[in-house]
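In: Curious how this folds, go ahead:
(one chain, ligands or ions: 1)
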Amino acid sequence: MEHLGKLKVPGVSQAMGQLFPLLGLVTVIRQTMPPEGHEALNYCRRALSGLLNPFCFFTIQEFEGSLPNDLYRDIHLHLESCKAYNKAKRVTLFRKPNTTSVTMRLADSSDVIVDIYKGMTVWWTHYEEAKDKLVYRHLYGGNSGSTARKFQLKIRKRDKARLLPEYLDYITQNSSTYSGKNRDIKIFTNSEHIHQFTIDGSRRMWEEIPYKHPSTFDTLAMEPALKAKVMEDLTSFMTDQSFYERTGRAWKRGYLLYGPPGTGKSSMIAAMANFLKYDIYDLELNQVRTNGDLRQLLIQTSNRSIIVLEDIDCSVKFTNSRTGGRSRNSGMTTMMMPGDSMNPEDDPNRVTLSGLLNFVDGLWSCCGDERIFVFTTNHVEKLDKALLRPGRMDMQIELSYCTFSAFKVLAQNYLSTQDHPLFAKVESAFAGKTMTPAQIAELLIKDKSNVDIALESVITALENNVPESPAEATSTGSDVANSKDENDQDSVKDLAVGGDKSVGRENLISVLQGVIEVLQKSTDSSLSLFTSQDASKIQEVAKPENLLTSSNGERPSSSTQHESEASSSTVKDLLQSIRATLVKNKGDINSAIEGIIQDLENKLHNPDMNQHIAAVVEPANGSATGHSATECSSPPNLANGTSSLKAASNGVYREAENGEIK
Ligand SMILES: Nc1ncnc2c1ncn2[C@@H]1O[C@H](COP(=O)(O)OP(=O)(O)OP(=O)(O)O)[C@@H](O)[C@H]1O
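Out: You can find the predicted model right below:
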């Protein structure tokens, strides 16, 4: 101790001797100084330390107001990608439900991650600030998101010009590549009842959960050519940012998926998300009250995302101009929520069609990049055309009944079989049948352990399948962009399926025309081999003047003279057989027409059908001879009855010979 006591450091003791009176002086000054003086003192202190401090600092919040800050997410992914978290001493680890990857985050501000970019060192610190829950509950009546997160970036002042913004651009690029390969996809949903708030009190309108759907384009059963086209479209969208910049278009794309239930619309959305590695925003329109809310939802979606509106025709009911739903105040078409009884015109604050159109294609839709809009519907004919125009829905994709080539994908998925001796039988059983991939998948799952039994069960089901009538089968498939007035479609449908309705000769003609029209617009892939040229030829055949022209070339005096009626079931049967004939002869227009004629002749020979059909098809003959069809005691002149159709089709045959029909 003595020895220690003798130790003297003259410089230090001298300095201490001078420091103590100085500190005492500062304390006295502080105590005697007015409050304004304190502020001035603090300012001087900060300015001095700013001058002496060689570093500068940047803050990156997770949210800016209510908007997610993509840079925050990018930094997180960047640090994860370069395994920077491995170097940190205190890291928070968590695995979100339903995910494979472990997520890392810096535990708190006490730890720092060092990153080196082009020889320059940067320091990252992460902060989590607990919010005052009581204040938030009090203000907003819900349980708020309890923390506000931010990164702090520390760099040397001398590096600032070289690092920024280059380093941040590098982070964004790196995170994008990394997330493309590794990121777990998330699905977001909106609800009126979501009460999450950011630190500044803005409302967060989406709730997220990890999304893990096994559907990919490999497992999707659809026509290979269509599948390739969709994938190509998505790839070109994702990779061709410069195209959008060059052409001044917003970097977004709209897809409409339509077709009967169970044909894979939802599966395709999942496949798209897995293919692009984009998050999904599943928009529940029923949960959106106003156009303002809709806009808010849109701007809270992040880049590289798919915004989905499923069953657009069901989730909202458009009251359009035809049904008198035009709002007096806004001039907008109003959308009503199911169960709403109030006249939409009385409530201008609702979500309107105009609001929805703006959501997809308006000024606000551009406040983000790489966004894909996907609408789905089972009833494309019900959608407003404005919604479907290019620019809003750039690609309209029909997902229809299962075909043999789609079946092969299902067989691979469920039976791990690419080929089988029974495949030939399955292929021929598919002709003209309307079973959805979901139905086929069910059969395959049931007997997946025994390939033979599974395939036999598919064959049996197909053989027993009663194909839907063309109007039914394609009522979802008409091309809206080209569709005629809604009422025309309805009348065709009514005639084709109309319960107790009876139809007369005139009606049968319009039914035939309707069938042809529907087939022409058909998105049923089994009929897709019919070109529009083919369809117009069939249409030519079915023109009333052709159908009504008798074998001797005379026209009937008046259709009303022959008011014979055929039951709707007969018509339905007729439609089914016409469709089956068309499917059977797809790509061969001449055989198809021959088949239809043959079919009509067979039916007319059938005594049960005779009475109805003869009255419908034959009166042209009767009128020429002055007899009404109903007066015929003997079977009508079948040859003449169908000869008009045949004669008309002869023109088609001749053109075919001239090579005009492909
Ligand atoms: N094209 C397809 N390829 C592979 N699987 C399919 C396909 N279509 C249907 N499935 C199977 O059927 C199930 C239901 O299909 P999905 O939900 O995608 O049909 P959807 O057309 O969206 O039906 P809805 O209109 O009723 O929503 C899927 O989980 C999938 O197993």
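
In: okay, CA-based contacts and neighbour counts for the rest of this
Out: Will do.

In: all helices of the stretch 101-250 of the chain, in order?
Out: According to DSSP state H, counting those that start in this stretch, the stretch 101-250 of the chain carries its helices in the segments 133-140, 160-163, 166-182, 224-239, 241-247.

In: same thing with the stretch 301-450 of the chain?
Out: Under DSSP H, counting those that start in this stretch, the stretch 301-450 of the chain gives helices at 312-315, 353-361, 385-388, 404-415, 423-430, 437-446.

In: and residue 376, which of the ones you listed is closest to it?
Out: helix 312-315 (6.2 Å; CA to CA).

In: that older thread, any chance of the helices of the stretch 101-250 of the chain in CSV, with mean pLDDT and mean neighbour count too?
Out: Formatted as CSV, those follow (pLDDT from 0 to 100; neighbours: other CA atoms under 10 Å):
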stretch, mean pLDDT, mean neighbour count
helix 133-140, 36, 13
helix 160-163, 90, 14
helix 166-182, 82, 16
helix 224-239, 93, 14
helix 241-247, 83, 11
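
In: do you know which of the ones you listed lies nearest the ligand?
Out: helix 224-239 (10.1 Å; CA to the nearest ligand atom).

In: The ligand contacts on the chain?
Out: Within the chain, the positions adjacent to the ligand are 219-222, 260-267, 378, 437-438 by CA under 6 Å from any ligand atom.

In: biggest separation within those, which pair?
Out: 219 and 378 (21.7 Å).

In: more neighbours, these two?
Out: residue 378 (24 against 17; other CA atoms under 10 Å).

In: Isn't that one up against residue 311?
Out: Yes - contact status for residue 378 versus residue 311: in contact at 6.8 Å, counting by CA atoms under 8 Å.

In: coming back round to it: in TSV, list the helices of the stretch 301-450 of the chain along with mean neighbour count and distance to residue 155.
Out: As requested, these are exported to TSV (neighbours: other CA atoms under 10 Å; distance: least, CA to CA, whole Å):
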stretch	mean neighbour count	distance to residue 155
helix 312-315	18	50
helix 353-361	20	41
helix 385-388	16	50
helix 404-415	20	53
helix 423-430	17	67
helix 437-446	18	57
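
In: Dump these into a markdown table; add distance to residue 301 as well.
Out: Formatted as a markdown table, the helices of the stretch 301-450 of the chain follow (distance: least, CA to CA, whole Å):
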| stretch | distance to residue 301 |
| --- | --- |
| helix 312-315 | 19 |
| helix 353-361 | 12 |
| helix 385-388 | 21 |
| helix 404-415 | 34 |
| helix 423-430 | 43 |
| helix 437-446 | 31 |
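
In: Now render those helices as TSV, adding mean pLDDT and distance to residue 33.
Out: As requested, the helices of the stretch 301-450 of the chain are exported to TSV (pLDDT from 0 to 100; distance: least, CA to CA, whole Å):
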stretch	mean pLDDT	distance to residue 33
helix 312-315	74	69
helix 353-361	79	59
helix 385-388	82	70
helix 404-415	94	82
helix 423-430	92	95
helix 437-446	94	82
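
In: For residue 172, find the nearest of the ones you listed.
Out: Closest among those, once you apply CA to CA, is helix 353-361, at 26.1 Å.

In: Dump the closest one to PDB, restricted to CA.
Out: Taking Å, rounded to 0.1, in the frame of the first residue of the first chain, the C-alpha atoms of helix 353-361 are listed here in PDB:
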ATOM      1  CA  LEU A 353     -67.500   0.200 -59.900                       C
ATOM      2  CA  SER A 354     -65.700   3.400 -60.800                       C
ATOM      3  CA  GLY A 355     -63.700   3.000 -57.500                       C
ATOM      4  CA  LEU A 356     -62.900  -0.500 -58.500                       C
ATOM      5  CA  LEU A 357     -61.800   0.600 -62.000                       C
ATOM      6  CA  ASN A 358     -59.600   3.200 -60.500                       C
ATOM      7  CA  PHE A 359     -58.200   0.600 -58.100                       C
ATOM      8  CA  VAL A 360     -57.000  -1.400 -61.100                       C
ATOM      9  CA  ASP A 361     -56.200   1.200 -63.600                       C
END
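
In: which residues are in contact with stretch 433-445?
Out: 221, 260-264, 400-402, 406-407, 410-411, 414-415, 454-455, 457-458, 462, 465-468, 473 (CA atoms under 8 Å, 6 or more residues apart in numbering).

In: Extract the CA atoms of that stretch and return them as CSV.
Out: Extracted in CSV, the C-alpha atoms of stretch 433-445 (Å, rounded to 0.1, in the frame of the first residue of the first chain):
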residue,chain,number,x,y,z
LYS,A,433,-67.4,-34.9,-71.8
THR,A,434,-67.5,-32.2,-69.2
MET,A,435,-65.7,-33.2,-66.1
THR,A,436,-63.6,-30.7,-64.1
PRO,A,437,-60.0,-31.4,-63.1
ALA,A,438,-61.2,-31.3,-59.5
GLN,A,439,-63.6,-34.2,-60.2
ILE,A,440,-61.0,-36.2,-62.0
ALA,A,441,-58.5,-35.4,-59.2
GLU,A,442,-60.9,-36.8,-56.6
LEU,A,443,-61.2,-40.1,-58.5
LEU,A,444,-57.5,-40.4,-58.8
ILE,A,445,-56.9,-39.7,-55.1
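
In: Any idea which residue of the stretch 351-500 of the chain lies closest to the ligand?
Out: residue 438 (3.5 Å).

In: Inside strands: which ones of the residues of the chain next to the ligand?
Out: Judged by DSSP state E, strands contain none of these.

In: Report the buried members of those.
Out: Neighbour-count burial (16 or more other CA atoms under 10 Å) applied to the residues of the chain next to the ligand gives 219-222, 260-267, 378, 437-438.

In: what's stretch 237-248 in contact with?
Out: Counting by CA under 8 Å, 6+ apart, 250-253, 276, 370 sit against stretch 237-248.

In: now do stretch 170-184
Out: 71, 74-75, 77-78, 81, 99, 101, 210-212, 276-277.

In: repeat that with 6 Å
Out: 74, 77-78, 277 (CA atoms under 6 Å, 6 or more residues apart in numbering).

In: what's the closest of these to the ligand?
Out: Using CA to the nearest ligand atom, the contacts of stretch 170-184 come closest to the ligand at residue 277, 18.5 Å.

In: wait, doesn't residue 210 sit right on residue 186?
Out: Yes - Residue 210 is within contact range of residue 186, at 4.3 Å (criterion: CA atoms under 6 Å).

In: Compare neighbour counts for these two and give me the winner.
Out: residue 186 (20 against 15).
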